[in-house]
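> give me coordinates for this.
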Amino acid sequence: MPRFHSAGPWVRGVVLAATVTATVAIAAPELPPHEALRILIVSDEVNPHGLPPEQLTQPGDISAALGGPGAGLALDGIVEIPTNSIETATALLAVSRGDPAVYDVLLYFAHRIPNAGPDSVGRQAAFTAAVEQFLEDGGGVVSFHHGSYQTAGKEGMQALIGGAASGAVVWNTTQGQNVIAVAPQHFVACNGVDSTGSVAYSDLPRGVPAGTYPFFNNTPDERYLVFELLPAAGQIEVLFGSNYVQNGSTHLLGFTHRRADWQGVVVAYQPGEYQPNALDVDGPNFQVMANAILWAAHRVPRDGVLLHVDRGPGTGEVTLDWYGCPLSFTVYRSTDPSAVVAAGNALGSTTGSQWIDTPPAGQAFFYAVVP
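Below is the predicted model of the structure:
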């Protein structure tokens with residue numbers, strides 16, 4: 001539901017696209033202001049290419065990066081649980097909505113199920129059930145890198161993620177892979193993500209129409225030659241693909257997954273093996289991860305537009321600023337919060353990210369910005 005922000009005694013009610021704004025603080029990565037997050041990470045290690053520790057993304061690295069200087073995320077808590085202690089994560093996911101101890105996002109960086117202790121299959125099944133309930137209740141899940149890889153016993157988690165990688169993975173140190181933003185107006189794919197160029201690309205079987213899309217390159221990078229959406233998945237939006245020529249020339253790198261009975265969402269992203277690329281807070285992969293966390297946690301609206309309103313710069317004026325990637329926005333104003341976006345309330349459209357309005361004096365107005 002929309003929340004409201006006072007912009008002064010004469011413009012008191014302002015629609016903020018389902019989030020509360022705060023003082024803008026630009027950091028690396030570039031993120032909109034947001035309420036503090038609680039992040040739970042489940043992780044383990046696999047090293048098929050024999051990388052040294054400083055090159056391999058390992059357990060502990062992600063929580064250190066997300067909670068470290070320059071990450072740009074407002075945090076109320078972050079904890080990382082090893083896969084072999086998955087029952088601890090199950091208990092933490094079971095905290096009810098409304099409890100201050102509830103987690104907003106599960107970041108799943110687990111290649112396998114527990115391989116130590118009793119009843120590994122049962123413990124994994126209990127965790128999977130807790131994740132499903134977490135999604136039904138409105139929690140967000142970010143499957144990072146090998147979280148999407150299929151190993152024995154992970155089938156239930158793959159079904160929740162909505163896609164699965166399998167078979168050989170290839171370490172490429174010369175071309176790596178281009179990360180092509182095939183949904184270039186989606187918040188996860190576009191907010192603060194610097195591209196190095198554009199490329200013609202299409203992947204019709206996965207719903208990506210022919211077009212010219214922005215991309216950045218990861219070299220070195222680990223290629224998942226077989227990474228497919230699951231036929232039984234719910235609503236899928238492909239965010240990223242790649243055009244390297246190996247086992248075909250169209251490849252899945254990232255997507256979102258929702259189901260009708262979920263209030264929450266899943267974001268899956270494949271790159272992440274090479275730590276200097278994956279966890280550089282100034283780099284595009286970390287920006288994508290931070291975007292995914294905010295979007296999955298619903299710290300930005302599902303349409304990706306976050307509105308902030310202030311008085312000024314002139315007497316009687318109101319300045320609207322917003323974050324968002326669509327090519328055009330329509331600005332609406334109304335005295336009725338239930339009908340802000342009615343056609344007769346449109347003030348106009350812009351390709352920018354700011355609008356200055358001079359509303360009539362003596363009334364409370366509500367604003368909305370819609371892509």
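
> dump stretch 270-285 to CSV, restricted to CA.
Output of stretch 270-285 as CSV, limited to C-alpha atoms (Å, rounded to 0.1, in the frame of the first residue of the first chain):
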residue,chain,number,x,y,z
GLN,A,270,24.4,-16.4,-12.8
PRO,A,271,27.8,-14.5,-12.9
GLY,A,272,29.7,-14.5,-9.7
GLU,A,273,32.6,-17.0,-9.7
TYR,A,274,35.4,-14.5,-10.0
GLN,A,275,35.5,-12.5,-6.8
PRO,A,276,37.2,-9.3,-8.2
ASN,A,277,34.4,-8.9,-10.7
ALA,A,278,31.5,-10.1,-8.5
LEU,A,279,32.1,-8.2,-5.4
ASP,A,280,33.7,-4.9,-6.6
VAL,A,281,31.4,-2.3,-5.0
ASP,A,282,32.2,0.0,-8.0
GLY,A,283,31.5,-2.7,-10.6
PRO,A,284,28.3,-3.6,-12.5
ASN,A,285,27.9,-7.1,-11.0
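
> quick one: mean pLDDT over it.
What stretch 270-285 shows for mean pLDDT is 97.

> one more: stretch 217-227?
Mean pLDDT, computed over stretch 217-227, is 98.

> CA-only coordinates of it in PDB, if you can.
Output of stretch 217-227 as PDB, limited to C-alpha atoms (Å, rounded to 0.1, in the frame of the first residue of the first chain):
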ATOM      1  CA  ASN A 217      31.700  -7.800 -20.300                       C
ATOM      2  CA  ASN A 218      32.900 -10.100 -17.600                       C
ATOM      3  CA  THR A 219      36.400 -11.500 -18.200                       C
ATOM      4  CA  PRO A 220      37.300 -14.000 -16.800                       C
ATOM      5  CA  ASP A 221      33.900 -15.600 -16.200                       C
ATOM      6  CA  GLU A 222      32.400 -19.000 -15.600                       C
ATOM      7  CA  ARG A 223      29.900 -20.000 -18.300                       C
ATOM      8  CA  TYR A 224      26.900 -22.200 -17.500                       C
ATOM      9  CA  LEU A 225      26.400 -23.900 -20.900                       C
ATOM     10  CA  VAL A 226      23.100 -25.400 -19.800                       C
ATOM     11  CA  PHE A 227      21.000 -22.900 -17.800                       C
END
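
> any low-confidence regions in this structure?
Applying pLDDT under 70 to the chain flags the ranges 1-27.

> tell me the secondary structure at the residue nearest to the spatial centre of it.
In the chain, the residue lying closest to the centroid (C-alpha atoms, centre = their mean) is A292, at 1.2 Å. Following DSSP: H, G, I helix; E, B strand; the rest coil, we place A292 in the helix state.

> repeat that for the one 10 residues further on.
Following three-state DSSP, we place R302 in the coil state.

> just P214 next, same as before
Applying three-state DSSP: P214 is strand.

> wait, it touches A181, no?
Yes. Here P214 reaches A181: they are 5.1 Å apart, a contact under C-beta atoms under 8 Å. Quick note: C-beta positions are derived from backbone N, CA and C, even for glycine.

> which residues do those two both contact?
Taking C-beta atoms under 8 Å, 6 or more residues apart in numbering as the criterion, P214 and A181 both touch 193, 195.

> can you list the domains in the chain?
Residue ranges for the domains of the chain, per automatic domain parsing: 37-296, 306-370.

> reformat these as TSV; add distance to P29.
Compiled in TSV, the domains of the chain are given as follows (distance: least, C-beta to C-beta, whole Å):
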stretch	distance to P29
domain 37-296	4
domain 306-370	12
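
> residues making contact with the helix ranked longest in the chain?
Counting by DSSP state H, the longest helix found in the chain is helix 120-136. Contact partners of helix 120-136, identified using C-beta under 8 Å, 6+ apart, comprise 42, 86-87, 89-90, 93-94, 103, 106, 108, 113-114, 117, 141, 153-154, 156-157, 160, 259, 261-266.

> in that helix, what's buried?
For helix 120-136, a neighbour-count test (16 or more other C-beta atoms under 10 Å) marks 120, 123-128, 130-132, 134-135 as buried.

> check stretch 343-363 too.
For stretch 343-363, burial by neighbour count (16+ other C-beta under 10 Å) applies to 345-346, 355, 357, 359.

> if we look at it, which residues are touching it?
10-11, 313-314, 316-324, 327-335, 339, 365, 367, 369.

> ok, now with 6 Å
The contact list for stretch 343-363 (C-beta atoms under 6 Å, 6 or more residues apart in numbering) reads 316-322, 328-335, 365.

> weed out the non-buried ones from the contacts of helix 120-136.
42, 86-87, 89-90, 93, 103, 106, 108, 113-114, 141, 153-154, 156-157, 160, 259, 262, 264-266.

> now, which of those residues lie within strands?
Among these, the ones falling in strands (DSSP state E) are 42, 106, 108, 141, 266.
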